[in-house]
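Visitor: Generate coordinates for the sequence data below:
(one chain, ligands or ions: 2)
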Amino acid sequence: MKIVKLGGSLQEKGRELIRFLSDYAETKNHTVIIIPGGGHFVKRIKELSEQEVISDDAAHWMAVLGMHQYGFYLADGSGTEIVESMEELRNVVHIGVLLPYTLLKADDSLPHTWNVTSDTIAAFVANKVGEKSFIKLTDVDGLMDDKGLLVRQIHAKAMIKNVRTGCVDAELPLFLMQNEMSCVIVNGNFTERIIAVISGKETDCTKIL
Ligand SMILES: Nc1ncnc2c1ncn2[C@@H]1O[C@H](COP(=O)(O)OP(=O)(O)OP(=O)(O)O)[C@@H](O)[C@H]1O
Ligand SMILES: [Mg+2]
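Guide: Numbering: from 1, shown residues only. Ligands and ions are numbered 1, 2, ... in the order given. This is a model prediction of the structure:
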């Protein structure tokens, strides 16, 4: 089972990517679970939170519902299955889009802060199904260093030490480390890179170990 977080940054291409991944999963007999990011669906909630109009708890659940909405958007018209519970998730044959609200309500162990958003939620779901890695599809080639060069590999511990998380949730490195997990960040605009990462081949990406 491959856990693939599809960033809100890829909204425009999102449905095309779902169709591509759906065809790919069926042809290769893989199982892919899509975790929706936040993007525009969460932007307004972040603003309300920054203005201190809403509490951290309200912001957390509203943001999770933002992911939930993006999930509906991604699955719409694609014929892709929507999944909400652990049982449904485990029964996916080829591809399913997770709507995360119910699952997170059932296991409310993640902190309610903006350091924990859809990247950490993707890692959390992967961990729950026993997967020790997940793929983050985003709109950049991976994590860039101070000179703008692609970091091909980095240890979660080093990210915490450098207090530099760049294009991932601030809390993700800690979650990965605590749960002995890894993550691959790849540019979702290049399908050949996505295939390479899924099949364990080398390509332009960042591996967080
Ligand atoms: N050091 C860095 N390396 C790479 N990208 C970075 C870095 N610092 C900031 N970014 C920004 O992070 C963005 C990707 O993260 P962003 O959270 O916007 O997208 P996403 O995680 O795909 O979407 P979402 O969080 O909505 O699901 C890039 O477009 C880039 O501009
Ligand atoms: Mg993000």
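Visitor: drop to CA atoms for contacts and neighbour counts, all remaining ones
Guide: Will do.
Visitor: Most distant residue from the centre of the protein?
Guide: Distance from the centre of the chain peaks at Val53, with 27.1 Å (C-alpha atoms, centre = their mean).
Visitor: Pretty sure it sits in a helix.
Guide: No: per DSSP: H, G, I helix; E, B strand; the rest coil, Val53 lies outside any helix segment and is coil.
Visitor: From His30, how far out is it?
Guide: 44 Å (C-alpha to C-alpha, to the nearest Å).
Visitor: Over to Gly166?
Guide: Per C-alpha to C-alpha, Gly166 is found 30 Å from His30.
Visitor: who's more crowded, those two?
Guide: His30 (17 against 12; other C-alpha atoms under 10 Å).
Visitor: distance of the more buried one from Ala123?
Guide: 19 Å.
Visitor: do the same with Val116
Guide: For Val116 relative to Ala123 (C-alpha to C-alpha), the value is 10 Å.
Visitor: Assumed Arg44 was part of a helix.
Guide: Yes: assessed with three-state DSSP, Arg44 lies in a helix.
Visitor: which residues are in contact with the helix or strand where Tyr73 lies?
Guide: With secondary structure defined by DSSP states H and E, Tyr73 is part of helix 56-75. Helix 56-75 has contacts (C-alpha atoms under 8 Å, 6 or more residues apart in numbering) with 8, 14-15, 18, 35-38, 41-42, 45-46, 49, 81-82, 97-101, 112-114, 117-118.
Visitor: and the residues you listed, which are buried?
Guide: 8, 14-15, 18, 35-38, 41-42, 45-46, 49, 81-82, 97-101, 112, 114, 117-118 (16 or more other C-alpha atoms under 10 Å).
Visitor: quick one: Cys190 from ligand 1, how far?
Guide: Quick fix: residue 190 is Phe, not Cys. 14 Å (C-alpha to the nearest ligand atom, to the nearest Å).
Visitor: Look up phi and psi at Ile95.
Guide: phi -150, psi 140 (degrees, to the nearest 10).
Visitor: try Leu6
Guide: Torsion angles, degrees, to the nearest 10, at Leu6: phi -100, psi 110.
Visitor: Over to Thr117?
Guide: In this entry, Thr117 is assigned phi and psi values of phi -130, psi -150 (degrees, to the nearest 10).
Visitor: Get me the contact residues on the protein for ligand 1.
Guide: 7-9, 37-39, 118, 138-140, 142-145, 166-167 (C-alpha under 6 Å from any ligand atom).
Visitor: Bridging across strands, which residues link to Phe134?
Guide: Taking DSSP bridges, one obtains Cys183 as the residues bridged to Phe134.
Visitor: For the chain, which segments are assigned as helices?
Guide: 11-28, 40-50, 56-75, 86-90, 101-106, 118-128, 156-162, 172-178, 191-198 (DSSP state H).
Visitor: Would you reformat the ones you listed as TSV and include mean pLDDT?
Guide: Shown next, in TSV, are these (pLDDT from 0 to 100):
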stretch	mean pLDDT
helix 11-28	96
helix 40-50	97
helix 56-75	98
helix 86-90	96
helix 101-106	98
helix 118-128	98
helix 156-162	88
helix 172-178	97
helix 191-198	97
